[in-house]
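Q: sequence plus the predicted model coming up.
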Amino acid sequence: MTVALVRLALLLPLAACSPDPLLATRVVPFTLSLDRTKAVGSTVCGDSISVKDNMDGIFERFLRDTRQALGGRDPARITVDEITLYADEGPGFAPLAKSFGTFDISLVIDSPSHTVTLVELDHSQVKLGDYPTLPVSFDSHLQLTDAQWAAMLGTLFRVRICGQATPYYLQESHYFHLHLQLRFNSYDR
């Protein structure tokens, strides 16, 4: 009897530490355009269009796959664990490393309005021609209210970049398009 209780006591902490069951993972692309003529001082911001209005239904398929795995229920939480950056370069486009001193990328919930910063970078972290994959730690369970979570499940969110533009970007007639890929994961608890 004592041996059985000791075994049970040893197994319980292991069960409590097991990773949450991952239901689905999907990489969702976003495109953001920045217009230097709309700068406030040296700060320039650009938003993607709402996930509800774009992305070829990729996020909606991600939710559908998750709900199917849960028998029609919503996931308990969604995380974003990495962002990959790509920027248009070539004639007329400003390179990322020369365009911003610092910038941040945020997830913006449309209604009720809420912004969660996913990553903050400075130019030293992004070299010319280098488009890094960056670790992110977003967890809807920890960072959103119930109303904001409902908006995310309703695809009422977008991605925003805001940065301190360099004189190179502000003084030249350059365009800047940033392409992001966010990796979303869903969990049942």
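A: Perfect, I can see it now.
Q: let me know the pLDDT of S48.
A: S48 carries a pLDDT value of 87.
Q: quick check: next helix or strand after the lowest-mean-pLDDT helix or strand in the chain?
A: Every helix and strand of the chain was ranked by mean pLDDT, DSSP states H and E. The lowest is helix 2-16, at a mean of 35. Later in the chain than helix 2-16, the nearest helix or strand by DSSP states H and E is strand 22-34.
Q: name every strand pairing with that following strand and say which way it goes.
A: Here strand 22-34 is paired, per DSSP bridges, with strand 176-187 (antiparallel).
Q: please save the CA atoms from the partner strand in PDB.
A: What follows is strand 176-187, C-alpha atoms only, in PDB (Å, rounded to 0.1, in the frame of the first residue of the first chain):
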ATOM      1  CA  PHE A 176       8.200  50.700 -47.600                       C
ATOM      2  CA  HIS A 177       6.200  47.400 -47.500                       C
ATOM      3  CA  LEU A 178       6.800  44.900 -44.700                       C
ATOM      4  CA  HIS A 179       5.600  41.300 -45.000                       C
ATOM      5  CA  LEU A 180       5.300  39.300 -41.800                       C
ATOM      6  CA  GLN A 181       4.500  35.800 -41.100                       C
ATOM      7  CA  LEU A 182       3.100  35.100 -37.600                       C
ATOM      8  CA  ARG A 183       3.000  31.500 -36.400                       C
ATOM      9  CA  PHE A 184      -0.300  30.900 -34.400                       C
ATOM     10  CA  ASN A 185      -0.800  27.900 -32.200                       C
ATOM     11  CA  SER A 186      -4.100  26.800 -30.600                       C
ATOM     12  CA  TYR A 187      -4.500  24.800 -27.400                       C
END
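Q: what's the helix or strand containing D65 in contact with?
A: Using DSSP H and E, D65 maps to helix 58-69. Contact with helix 58-69 is made by 23-24, 26, 28-29, 51, 73-75, 153, 155, 184, 186, 188, as judged by C-beta atoms under 8 Å, 6 or more residues apart in numbering. Every residue, glycine included, has its C-beta placed from N, CA and C.
Q: mind redoing it with 10 Å?
A: With contacts defined as C-beta atoms under 10 Å, 6 or more residues apart in numbering, helix 58-69 is touched by 21-29, 51-52, 55, 57, 73-75, 78, 152-155, 157, 182, 184-188.
Q: got the buried residues for stretch 59-74?
A: Buried residues in stretch 59-74, counted by 16 or more other C-beta atoms under 10 Å: 59, 62-63, 66-67, 69.
Q: hang on, the earlier thing: and the following helix or strand past the helix holding D65, what's buried?
A: As assigned by DSSP H and E, the chain's next helix or strand after helix 58-69 is strand 77-87. Residues of strand 77-87 classed as buried: 77-80, 82-83, 85, 87 (neighbour count, 16+ other C-beta under 10 Å).
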